[in-house]
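# what follows is a predicted structure for the sequence shown.
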Amino acid sequence: MDRYRDAYPSDPLLRSLDVVRARAAELLDLEYFEAEPASMPTRTFAQHHLLLNLRDEPHRVENWRAGAHRDFTYARDEIVLTPAGTESGWRWHARSKVIVITIEPLRLERFARAEKLAMEAPVKLLGPLILCIFPCTFIVLGYPIVLRLMEGF
């Protein structure tokens, strides 16, 4: 499957990878594009795509998705989502200013699994904490106290 940035007719003006990479930010790529009227061929992409229009004036856009043709007006701050594995192609009739967010489904799944395990960790540590660490702490702290009490009597 193709990558979105390989099909888009211009290079991104801003990329999230060029900025600080926090753990959650590694899930997605955020790119800002400006392009003259053009089109992208119909392709199937491996990533989920979220497109956010930043152009002030609404403009005409055509989309071919899963064999269906959509012709619509794309207004400012409008979002279009294309799930991974969906065949999609575009044609825009005015200069575009768009933020494209791509998310790899496998990275998203791995991240969700890791977050779930991290949330379960405190519960799993509770047993060893109660059975091992607390008794050892009480023995280490209590033994000198018990010795002094026994010496006093």
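Yes, it's here. Numbering: from 1, shown residues only.

# ramachandran angles for I145?
phi -70, psi -50 (degrees, to the nearest 10).

# what do you get for A75?
phi -90, psi 160.

# for it, give me its contacts.
N53, P58 (C-beta atoms under 8 Å, 6 or more residues apart in numbering). The C-beta positions use only the backbone N, C-alpha and C, and glycine is treated the same way.

# now it: how far from F134?
Distance, A75 to F134, using C-beta to C-beta, to the nearest Å: 61 Å.

# ranges for the strands of the protein?
14-15, 28-35, 38-44, 48-53, 59-65, 68-74, 79-82, 87-92, 96-103 (DSSP state E).

# right, and the ones you listed - which one's nearest R148?
strand 28-35 (61.2 Å; C-beta to C-beta).

# does anything pack onto that closest one? Which helices or strands?
Counting contacts by 3 or more C-beta pairs under 8 Å, 6 or more residues apart in numbering; DSSP states H and E, strand 28-35 packs against strand 14-15, strand 96-103.

# what residues sit buried inside that strand?
L28, D29, L30, E31, F33 (16 or more other C-beta atoms under 10 Å).

# ok, now how distant is V80 from S88?
In terms of C-beta to C-beta, V80 sits 9 Å off from S88.

# so where's the chain shaky on pLDDT?
1-25 (pLDDT under 70).

# which helix in the protein has the most residues?
When the chain is parsed with DSSP state H, its longest helix is helix 105-128.

# ok, residues contacting that helix?
A24, E26, L27, A46, Q47, H48, A84.

# now neighbour count and distance to K97 too, for those residues, in JSON lines please.
JSON lines is the format used below for the contacts of helix 105-128 (neighbours: other C-beta atoms under 10 Å; distance: C-beta to C-beta, whole Å):
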{"residue": "A24", "neighbour count": "9", "distance to K97": "26"}
{"residue": "E26", "neighbour count": "13", "distance to K97": "26"}
{"residue": "L27", "neighbour count": "16", "distance to K97": "24"}
{"residue": "A46", "neighbour count": "14", "distance to K97": "25"}
{"residue": "Q47", "neighbour count": "25", "distance to K97": "21"}
{"residue": "H48", "neighbour count": "18", "distance to K97": "21"}
{"residue": "A84", "neighbour count": "17", "distance to K97": "25"}
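
# since that was my last question, I'll sign off now.
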